[in-house]
Structures are given as structure tokens and as C-alpha cells.
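Chemist: Quick check, what structure comes out for this input:
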Amino acid sequence: MLPTSKKRKAPRPSEQAPDLSITADDQVHLHAAGYNESPERGLVHSMARFRSAPLDFIREVSLHVSGTGWRSYDRIVGQPIFYSGFSEEMKTRVLSNPMLVSKVRELAAKRVDVEAIEGLLGEEVREGLDVRAGEKDKRVRRRVQIEESLMDVAETLTDNMICKMESKSFIRGAYYLTTQLLTRAYHQGVHVSSEEILRLRSVAEQAAKDKHSIIFLPCHRSHVDYVSLQIICYRLGLALPTVIAGDNLNFPVVGSFLQHAGAMWIRRSFGDDQLYTTLVQAYIDTLLQNGFNLECFVEGGRSRTGKLLPPKFGILSYMLDSVASGRVQDAIICPVSTQYDKVIEVDSYISELLGQPKPKENLMDFLSASSVLSLKLGRVDVRFHEPWSLRKFVNQQHDRFSQMPQKLDLKEERLRILRTLGYKVLSEINDVSVVMPTALVGTVLLTLRGRGVGKAELIRRVEWLSERVRAQGGRVAHFASQPTNVVIERALDVLGPGLVGLVPALPEETYYAVDRFQLSFYRNMTIHLFILQALVSASMYTKVKLGGGPEFQRISYDDLHDQVHFLSQLFRGEFIFPTEGLDANLAKTISSLESDNIIKVTRNPADPSKVSFVELSDAERETGRENFDFYCFLIWPFIEASWLGAMSLMMLTPPVGLSGEVWLDLKKVQDRAQLFGKTLYHQGDLSYFEAVNKETLRNAYQRFEEEGMILVTKSKGAKEPSTIRLSDEWMPSRSTTKSNIVAQGPLWLFAERISLSRREGKNRRDGSTVQNRVLSLADVVGAPLWEDGVLDHGALETEAVVAAKAKGKARRKTMTVSPRL
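Modeler: Got it, this is the predicted structure:
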């Protein structure tokens with residue numbers, strides 16, 4: 001039986017189970033919670049032996065290849081996979097899958113019908129006059145021929161797709177190689193919780209008896225994610241999962257190595273390829289029916305911003321369908337959090353977010369990663385949520401929907417279950433995530449006013465933040481008996497002078513953020529814990545920023561409720577919110593901020609349960625709003641990005657004299673939006689440079705499309721780009737005299753509503769001069785969009801345009817545009 005899921009508060013550091021760490025000396029260390037020195041000493045000793053005693057080093061490698069002791073990997077928990085002929089057996093199972101066979105017959109029959117209509121099978125067949133048996137035989141022969149051809153294609157696709165873990169010698173050698181490389185880069189080792197590992201092993205033993213698969217669903221911040229999980233499973237004796245990976249990594253040499261180590265290659269996009277879609281479902285069915293473990297990244301691609309991305313439902317839907325359809329009895333879901341002191345790829349992430357095209361993976365870039373292997377990147381922390389039954393989850397959701405007054409059709413119910421599954425997994429990943437010291441330091445540096453911070457103040461704020469993380473039910477990486485200043489020094493050493501600088505020749509060590517954009521990656525690792533406090537603080541800021549006495553800075557509950565609702569809807573695709581609903585979440589957050597003495601609440605004398613006004617507490621004012629500002633600083637960059645996204649839509653206002661329904665290239669529009677943001681930042685009208693990052697802007701556009709503000713046609717190929725235009729009701733107007741965009745209308749009011757919670761200060765002020773300058777700049781930056789690549793669909797209602805309009809009309813408007821405050 002699986003253990004029942006219970007919501008537990010995170011234990012205090014002294015109560016936490018000891019860590020296990022896998023290090024470069026090929027040992028698993030059980031040690032008290034905290035950073036330990038032994039991995040570094042073990043690494044130096046191990047590498048010194050390679051230089052001083054090559055024969056001993058060769059002997060050590062041979063122990064892995066031959067399999068001595070634990071290295072033999074013989075008595076694993078799970079289904080047998082490492083034997084000669086495993087790959088061919090899996091291919092046979094997939095190709096004989098009834099669903100795949102049925103789809104091949106269906107496609108062949110359709111093709112024969114098309115050929116008959118086109119006269120390719122003879123005139124009599126085309127006209128339906130196949131009275132002679134010979135003509136009917138011709139049709140049957142052609143169908144069989146097509147079926148054989150399709151099966152040949154399916155066999156080739158299967159061979160390229162499936163993982164080929166069939167050699168123990170290869171796996172042993174691969175484990176040794178990857179462990180040495182990984183623990184050279186992350187010199188403090190790969191850490192896991194001993195309690196979680198014991199629980200996972202117990203669940204795995206029961207799953208193996210029942211022939212159920214464990215589906216590992218980790219977050220995805222680095223290519224190291226799947227390497228670290230494979231190393232943990234190998235070292236602790238669990239069957240290695242098949243890792244579902246994009247075929248962009250399937251390049252020469254590396255692709256074959258990864259496929260034999262557990263990678264399953266799938267296309268980044270399936271399009272309308274029915275054969276390939278069915279083949280992927282057939283392979284997943286085969287894996288789950290036989291109890292083979294799987295690993296899939298619920299976010300799809302790697303997060304370039306440090307926080308969790310919204311779930312991608314593609315592969316998740318195949319796994320859900322396997323169980324919900326009854327083809328698979330059950331599977332065990334295990335959400336996994338992988339956190340890093342420092343992520344190897346962050347430099348390349350920043351380039352991508354600033355608009356540089358993502359380079360195609362190749363062998364030389366892969367080998368060049370060795371340049372970072374000598375760096376001290378700290379440690380990797382992997383945490384496993386309590387596993388649970390997918391069958392039980394599906395049944396619970398079905399029961400819940402069946403009790404609703406308005407019954408859902410099967411398709412709608414399946415979509416809702418899938419969405420609930422995706423967000424449940426993300427929420428549980430957040431629940432078990434560990435906040436690393438580098439994230440603590442990065443968050444503090446980016447949430448303080450001023451150019452820098454003294455060592456004593458940095459220590460004080462890191463300790464305060466650690467306590468706030470624990471109070472929110474989060475986990476802080478184990479410190480053990482190490483004093484905070486030592487932990488901070490380790491974090492600063494890992495971040496390096498390229499991210500955090502030290503001002504020389506001052507009486508106190510003073511640190512400052514060198515690269516705020518890159519440091520924001522680590523700050524975003526903590527934001528999920530404080531998103532509700534951040535939204536309430538940003539909503540209160542609409543009054544606080546007005547200045548004056550306390551009576552002018554208080555906000556009514558109704559106005560606070562409205563702005564929090566607006567912002568929460570705005571960021572619905574950015575963050576994962578508790579499911580209790582707005583009123584309950586707001587009441588809980590107000591109570592929490594009040595108990596922390598950050599805010600003062602005035603309640604209705606007639607009904608003390610109702611809040612009338614909220615304002616900053618006297619104690620918070622006396623400390624310079626440091627805690628209130630902390631929450632604002634967390635959310636301000638995202639508010640800036642949403643405001644930038646809304647203002648960039650002004651570029652979609654057609655020039656004077658242009659008639660017809662004009663659609664613009666979506667990619668070019670988003671590229672110009674980034675350029676617009678960079679210009680606003682350097683001219684002082686945007687406070688945060690990270691607000692121009694591509695991923696956050698893309699999320700904003702997705703949210704605007706959901707609201708029906710913009711209409712988007714989806715691309716069906718490289719020669720047919722996705723296009724965009726403003727909905728008619730959101731279209732700004734132009735002055736009849738100057739032809740400039742007028743600061744009025746729904747889109748302008750929407751941007752103003754966002755702007756109410758934007759940061760003001762010495763770098764930025766709102767006013768008519770600013771609004772005229774920003775709108776004029778939108779026209780200037782957007783002008784090339786109308787000069788190049790204008791697509792006029794007015795005369796021709798294409799299928800994509802019709803679909804975009806229908807989707808726009810069906811959108812549910814959740815964000816009001818007229819500000820109350």
C-alpha cells in the first residue's frame with residue numbers, strides 16, 4: 001500500500017532527517033544536516049590518484065566496468081532491463097500494439113479511398129463499379145502494400161525513439177563517467193534526504209511487485225537534472241527510468257550515448273502526424289504496462305528564469321490516457337525537485353532571454369561544457385515528494401466532476417483532469433523544493449534599496465529570510481552547526497565576482513549585485529513561497545507610493561481586493577496559487593502580514609470578522625518599510641514585464657490611411673517588443689532590465705490572447721508564420737490632428753491599471769510627459785512592422801484566421817480595465 005498523503009509542516013533544521021550525499025569518491029555519505037567538507041577532500045584525493053598512480057586509477061575504472069560489489073547493479077528494485085535483446089523485444093511489443101496496428105489499417109484504408117477517387121486504382125474502382133473480383137483484389141492488395149510500408153516507417157521511427165538500456169557494462173561505465181564529471185563541477189556532491197529515499201525505495205518495492213511504473217516528474221532548470229536523477233537511482237539500487245527527451249539532443253555520438261543510458265527521443269512538435277502520435281502513445285503504453293519507470297519534465301523545456309514554468313500537457317496527456325482508458329492498471333507519480341547552488345547554463349539562458357537565438361545543440365558545444373567542470377558550483381539538492389497513485393487520482397477527479405450540477409462531456413472532463421494533474425505536480429514540486437544559500441543571498445541583494453549591503457546587514461537579512469521561508473512551509477538547505485556568515489561566504493564563492501562584487505578599501509565588507517539580470521534567476525527560486533504576500537504588498541503600494549501621512553496611505557479592503565484580484569488574474573500563467581480561492585487566500589495573507597507586524601488592520605466595529613482598511617504598521621514604518629519593500633521587490637519585475645507587454649500592444653495600432661484587416665508576424669512583433677523594452681529601460685521609463693526577457697513577455701502575450709485582447713493565428717510550418725492583430729474592441733485610436741496614438745481606450749486603461757502597482761522612485765515617475773513619450777516611442781519602434789511583412793487577410797478568411805476569431809470571441813474576460821483606485 002502507498003502511504004497516505006498528509007500535509008505536514010516543514011521540520012525545523014534540528015528535526016530534519018540526515019542527508020545522503022553522492023560524491024566523487026564513489027561513496028554515499030550519511031551525515032548530519034549541513035554542508036560537509038569531505039566531498040571536496042575526497043575529490044582531490046581521487047583526482048590526485050589519476051596523476052600519481054595511473055594503474056590504481058585504471059583498476060578503479062575496471063571495478064565499475066566489471067561490476068564489483070554495489071557496482072554490479074544486479075539486485076535492482078524494478079523490472080529487468082539490462083539484457084541482450086531488450087531493445088528488439090521492446091520494438092516487437094510496440095509494433096504489435098493493437099492501437100498502432102488499428103491506426104495503420106485506418107490510414108491505409110483512407111489512402112486507398114483517396115487513390116480510388118483520384119483514379120489511381122483504375123476507372124472502374126474510381127466510379128464505384130468494382131463488380132469484378134479482380135478490381136476488389138486490386139484494392140485489397142494496394143491496402144496491404146500501404147500497411148506494410150507504414151509498418152516499415154513505424155519500425156524505423158521506433159528504433160530511433162526507444163531507449164536501449166541493454167548493457168550492464170555500458171551502464172556501469174556511464175555511471176562512473178557521469179559521477180566523476182558531475183561531482184567535479186558540483187564539488188559538494190548530490191544531496192538527497194535519507195527519509196525520502198527510504199520512503200521511495202519502499203514504494204518502489206511495492207510497485208515492482210504490482211508491476212507498476214514509477215513516473216518521476218522533476219522540475220527542469222538544467223541538463224544536469226536527468227543526470228543527477230539517474231545517478232541517484234543507480235547508486236541506491238532503483239531501476240533507471242526511461243527519460244523522455246527532445247530529439248534536439250539526439251546529435252552524433254552524444255545522442256547514441258544518451259539513448260543507451262535511458263533517453264527516449266521524441267520530436268519537439270508532432271504536428272498532424274497521426275502515425276507518429278499513435279506510435280508515441282503505443283510506446284508509453286508498453287512501458288507502463290510492463291512496469292518500467294519513466295521520467296518526464298512536466299514543464300517541457302528548461303526554465304530560463306529560475307521559477308517553475310506552467311505545465312506542458314503533451315506527454316503528460318499520453319500517460320494520463322494510458323491509465324484513464326484502462327489500458328494500464330496504475331502508475332505511481334513521484335514529483336521531484338532539483339535545486340542547484342549554481343546552474344551551469346545560466347549564462348546562455350540570459351543571452352536567450354535577451355533575444356539571442358538559441359544555438360542548435362552539437363558535439364563541440366557539449367564537449368566545451370568541460371570548461372566549467374573545474375569550477376566550484378556548490379551542490380545539487382534533489383528532493384522527492386511522497387509518491388501517489390495515478391489511478392486513485394483519476395478516480396477522485398471523476399467522482400468530483402460527476403457531482404457537479406452541470407455534467408461535463410468526456411473530452412472536457414479529461415482536459416480538466418489533465419490540467420489539475422499538471423498543476424498538482426508543480427505545486428508538490430514547490431512543496432519539497434529546497435532554498436539554496438545562493439538563492440537566499442541573491443534574493444536579499446535584489447530586494448534591498450541602495451547600491452550595496454554591508455556584511456552584517458547581509459547576514460541579518462539572510463537569517464530573516466531563512467525564517468520566513470520556514471514559516472511559509474518551505475525548506476532551507478541544511479546549515480547544521482555552520483554559522484550564517486560561513487554559509488554566506490560559501491554562497492558568495494559559488495556565485496563568484498561576476499555576479500556579486502565586493503567594494504574594496506571600506507571599513508566593512510560591502511557587497512553589491514554586479515549582474516542583476518543573472519542574479520534574478522536565483523531570486524526567482526524563492527518567489528513561489530511569497531507570491532500572495534507580494535501581490536497584497538504590490539496592491540497596497542498603489543496607496544503607499546502616494547506619500548503623505550498614514551491616513552493617505554491606507555487602502556480600503558474593497559480596493560485591495562480588486563487590485564489583488566486583477567494582479568492574480570494577470571499572473572495566472574506565471575505563478576502557481578493556492579487553490580482555496582481569492583477570498584480565503586487574501587484573508588489568510590492579511591492575517592499573516594498582520595501577525596508579522598508588517599501591516600495594521602482596521603476592522604468593522606459592527607462585524608470584527610470584516611476588514612475595513614489595511615495600512616503599514618507603525619513598526620514597519622520605523623524600520624523603513626524593509627519587510628514590505630522585500631515583498632514588493634519580488635513582484636515588481638513581473639509587474640514591469642506585464643506593463644511592457646501591454647504597452648507594446650500599442651505598436652499594433654495601424655498607421656493612418658491603412659485599411660483592411662491587417663495581421664503582423666508574431667515573432668517580429670515580440671522581437672520589437674523586446675527592443676521597445678530595452679529602449680524604455682535605458683531612457684528611464686522601465687525600472688528593471690529583466691522585465692525585457694523573452695520568456696516573461698511571451699507569457700504576457702499568452703495571457704493577453706486568453707483574455708481576447710489579441711487574436712493569434714498558429715503557424716503550421718516554417719513558410720507560414722504565426723500572425724497577430726489587436727481585437728477590434730481593444731484597438732487604440734489616433735488623434736485626428738497629429739495622428740499620434742491617444743492615451744485613452746480599454747488598452748490604455750488596462751496598462752494604467754497595471755501601472756498602479758509599478759515601482760516609482762528616483763529613476764521613474766508617471767505623468768503626461770512620460771505617457772506621451774512612451775506612446776510616441778511605441779509608434780517609432782513599431783513602424784518597421786507595418787513596412788515589412790504586412791499580411792492582409794481581410795479579403796481571404798483563412799482557416800487559421802477563422803479559428804483565431806472564434807477563439808477570441810469565446811474568451812472569458814476576467815480582468816477589468818477601468819481602475820477603481
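
Chemist: From now on I want contacts and neighbour counts done on CA atoms only, so please keep to that.
Modeler: Fine.

Chemist: Can you tell me which helices and strands the helix or strand hosting Glu695 packs against?
Modeler: Here Glu695, judged by DSSP states H and E, is contained in helix 694-706. If you count contacts as 3 or more CA pairs under 8 Å, 6 or more residues apart in numbering; DSSP states H and E, helix 694-706 packs onto helix 346-353, helix 626-648, helix 666-682, strand 710-713.

Chemist: Excluding chain neighbours, what is closest to Glu594?
Modeler: Counting by CA to CA, 6 or more residues apart in numbering, Glu594 lies nearest to Lys600, which is 6.0 Å off, once chain neighbours are set aside.

Chemist: Leu217 now?
Modeler: Spatial nearest neighbour of Leu217, chain neighbours left out: Pro335 (4.7 Å); criterion: CA to CA, 6+ apart.

Chemist: Next: Arg105.
Modeler: In space, Arg105 is closest to Glu147, 6.3 Å off (CA to CA, 6+ apart).

Chemist: so how far is Thr278 from that neighbour?
Modeler: 15 Å (CA to CA, to the nearest Å).

Chemist: ok, back up a step: contacts for the helix or strand containing the residue nearest to Glu594?
Modeler: Here Lys600 sits within strand 599-604, counting by DSSP H and E. Residues outside strand 599-604 that contact it (CA atoms under 8 Å, 6 or more residues apart in numbering) are 590, 593-594, 609-618, 620.

Chemist: just these: which has the poorest pLDDT?
Modeler: Within the set of the contacts of strand 599-604, pLDDT is lowest for Ser609 (85).

Chemist: Quick check: it is in a strand.
Modeler: Yes. Read with DSSP: H, G, I helix; E, B strand; the rest coil, Ser609 is one of the residues of a strand.

Chemist: list the contacts for it?
Modeler: Arg603.

Chemist: how much space between it and Val601?
Modeler: 11 Å.

Chemist: Same question for Lys545.
Modeler: 19 Å.

Chemist: hang on, the earlier thing: could you pick out the buried ones from the contacts of strand 599-604?
Modeler: In terms of neighbour count (16 or more other CA atoms under 10 Å), the buried residues within these are Ile590, Leu593, Glu594, Val611, Ser612, Phe613, Val614, Glu615, Leu616, Ser617, Glu620.

Chemist: and the residues you listed as JSON lines, adding distance to Ile266 and secondary structure?
Modeler: Formatted as JSON lines, these follow (distance: CA to CA, whole Å; DSSP: H, G, I helix; E, B strand; the rest coil):
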{"residue": "Ile590", "distance to Ile266": "47", "secondary structure": "helix"}
{"residue": "Leu593", "distance to Ile266": "47", "secondary structure": "helix"}
{"residue": "Glu594", "distance to Ile266": "50", "secondary structure": "helix"}
{"residue": "Val611", "distance to Ile266": "53", "secondary structure": "strand"}
{"residue": "Ser612", "distance to Ile266": "55", "secondary structure": "strand"}
{"residue": "Phe613", "distance to Ile266": "55", "secondary structure": "strand"}
{"residue": "Val614", "distance to Ile266": "52", "secondary structure": "strand"}
{"residue": "Glu615", "distance to Ile266": "53", "secondary structure": "strand"}
{"residue": "Leu616", "distance to Ile266": "53", "secondary structure": "strand"}
{"residue": "Ser617", "distance to Ile266": "55", "secondary structure": "coil"}
{"residue": "Glu620", "distance to Ile266": "53", "secondary structure": "helix"}
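
Chemist: closest to Gly173 among these?
Modeler: Using CA to CA, Leu593 comes nearest to Gly173 of the buried ones among the contacts of strand 599-604, at 53.7 Å.

Chemist: Out of the helices and strands packed on helix 694-706, flag the one nearest Leu421.
Modeler: Comparing those by CA to CA, helix 626-648 comes nearest, at 25.9 Å.

Chemist: Touching the closest one from outside, list them.
Modeler: Counting by CA under 8 Å, 6+ apart, 446-448, 523, 527, 530-531, 533-535, 537-538, 541, 570, 598, 620, 673, 676-677, 686-688, 690-692, 696-697, 700-701, 747-748, 750-751, 754-755, 757-759, 775, 778 sit against helix 626-648.

Chemist: could you redo the last one with a cut-off of 7 Å?
Modeler: Residues outside helix 626-648 that contact it (CA atoms under 7 Å, 6 or more residues apart in numbering): 447-448, 527, 533-534, 537-538, 598, 673, 677, 688, 690-692, 696-697, 700-701, 751, 754-755, 758-759, 778.
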